[in-house]
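*Asks:* okay, predicted coordinates and the sequence, questions at the end:
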Amino acid sequence: MTSWVSRRCWVINVQTKEAVYDVEKARAEFPILQRTVNGKQLAYLDNGATAQRPKVLIEATDHFMESENANVHRGVHTLSQLATDRYEHARVVAQRFLGAREARECIFVSGTTGAINLVAEAYARPLLKPGDLILITESEHHSNIVPWQIVAEQTGAFVVAASVDAEGVVDLESFAKHLVAGPRLVAFQHVSNVTGAVQPVRQMTKMAHDAGAVVLIDGAQAAPHLEVDVQALDCDFYTFSAHKVYGPTGVGVLFGKSALLERMPPYQGGGSMIRTVSIENSTFADIPQRFEAGTPNITGVVGMAAVLEWFMGLDRVGIERHEASLSRIAFERLGQIEGVRLFGRSQPNPGIVSFVMDCAHAHDVGTILDSEGIAIRVGHHCCMPLMRRFQVAATARASFGMYNTIDEVERLAMGLQKVREIFA
């Protein structure tokens, strides 16, 4: 089977003989970065929403659609067998990316939101009883709040939230206090999509397990920046979306411990997830097929696998240091601008900087920056409870990826100076 080539983004320092992260080499892998917006070179600082796509993804999906496209499983013809091989190879790639014990513990989903809904409906809803507790934190993305509220309403359970500090880090004292009540399930993010705070997930998982709870970790913002090892974390469920890891939209992975997945009923019914069907009843396939009803996003899965293989072949440590460095420089540079309030200075910060300006609404900030060719995200970032915690309606957010540069941070700062000139 073809394995798309890795392109390592490092060079050797001639004097020290040490590997040095080469951001220009990384940028060359992303064709869209060559374009202009409003007559200015694009500075794409919205990676927390979705990252850009490298050549390896474009090549892999084009090759699949041109040469191997067919439906997966059960087909006896050559193209179907090739597509099935690609699809199931992607599961092995996901296993390696997450450090899972078995490939069958990796379920293909539409993304993090789809994964959390799957766990809510297939694990939590059959388990929960009136009065049971689901523990989250007040910094969660809506996709890690709303599914639990829906299942709580269906079962008579309650959703409670641990508080976070001024940097967006979970208050472990508040977390421990809620654990005393004995929640059945605990769900929290690995990295905040507002402040970039890296939560103490290993400690939180152990605390939750000691209290008898099952743990789900939302890894949407962690997977692009941190190396994840679900066995070391010992979490019960972990999920991420491919599009934030330079992959395609509409696909992601849910990791679940096999012992839990095997006890869970199907989330959706249809083709591929069954063993036998009669008019009277049906029996269901083993995991992971039990949770993959219907024709999946085959091209997306193939593209995700190509990107993850490529990404794992890069200098991950160098990328992590580069993104953290951009965050430190951005905090320092933006902190020098009058009227800018920054959120989440906690370190390490894997590339997320949120702020407000006293002279302009976040949407006006985003509009002015767009006129300068700078793409950021503005709004509540699907984190309304955290916005209330910080007593703001919205923030502006710059989020960095492997291809962003110090020059782009400086352009961001100069753009904010222009905002002050216009609105102050």
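*Replies:* Nice, I can see it.

*Asks:* domains of the protein?
*Replies:* 10-50+315-423, 59-312 (automatic domain parsing).

*Asks:* quick one: the longest one to chain centroid distance?
*Replies:* Taking the mean of its C-alpha atoms, domain 59-312 sits 11 Å from the chain's own mean (C-alpha atoms, centre = their mean, to the nearest Å).

*Asks:* can you give me the end-to-end span of that domain?
*Replies:* Domain 59-312 has an end-to-end distance of 17 Å (criterion: C-alpha to C-alpha, to the nearest Å).

*Asks:* just stretch 222-232 next, same as before
*Replies:* Start-to-end, stretch 222-232 (C-alpha to C-alpha) is 15 Å.

*Asks:* could you do stretch 334-350 as well?
*Replies:* Terminal-residue distance, stretch 334-350 (C-alpha to C-alpha): 17 Å.

*Asks:* got it, and stretch 155-165?
*Replies:* For stretch 155-165, by C-alpha to C-alpha, the gap between its terminal residues amounts to 31 Å.

*Asks:* and what of stretch 275-294?
*Replies:* 14 Å.

*Asks:* what sits up against it?
*Replies:* 73, 91, 104-109, 118, 122, 254, 258, 261-262, 264-274 (C-beta atoms under 8 Å, 6 or more residues apart in numbering). For every residue, glycine as well, the C-beta is placed using N, CA and C.

*Asks:* change it to 10 Å
*Replies:* Residues from elsewhere that reach stretch 275-294, judged by C-beta atoms under 10 Å, 6 or more residues apart in numbering: 72-73, 87-88, 91, 102-109, 115, 118, 122, 254, 256, 258, 260-274, 301.

*Asks:* okay, and which of these map to strands?
*Replies:* Those of the contacts of stretch 275-294 mapping onto strands are Cys106, Ile107, Phe108, Val109, Leu254, Gly256, Ile274, per DSSP state E.

*Asks:* and the domains of the chain, which one averages the lowest pLDDT?
*Replies:* Among these, domain 10-50+315-423 has the lowest mean pLDDT, at a mean of 93.

*Asks:* filter the contacts of stretch 275-294 down to the buried ones and hand me the PyMOL line.
*Replies:* The PyMOL selection below is limited to those of the contacts of stretch 275-294 classed as buried (16 or more other C-beta atoms under 10 Å):
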select buried, resi 72+73+87+91+103+104+105+106+107+108+109+115+118+122+254+256+260+261+264+266+267+272+273+274+301
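
*Asks:* can you flag which of the contacts of stretch 275-294 belong to helices?
*Replies:* Mapping the contacts of stretch 275-294 onto helices (DSSP state H) picks out Tyr87, Glu88, Arg91, Ala115, Leu118, Ser258, Leu260, Leu261, Val301.

*Asks:* so who does the closest residue to Lys244 other than its chain neighbours touch?
*Replies:* Closest residue to Lys244 apart from its sequence neighbours, by C-beta to C-beta, 6 or more residues apart in numbering: Pro224 at 5.0 Å. Contact partners of Pro224, counting by C-beta under 10 Å, 6+ apart, are 47-48, 51, 191, 240-241, 243-247, 311, 319, 323, 350-351, 399-402.

*Asks:* at 7 Å instead, please
*Replies:* Applying C-beta atoms under 7 Å, 6 or more residues apart in numbering, one finds that Pro224 lies in contact with Ala51, Lys244, Val245, Gly401.

*Asks:* next, it: secondary structure please.
*Replies:* The assignment at Pro224 comes out as coil when based on DSSP: H, G, I helix; E, B strand; the rest coil.

*Asks:* what of Val307?
*Replies:* Going by three-state DSSP: Val307 is helix.
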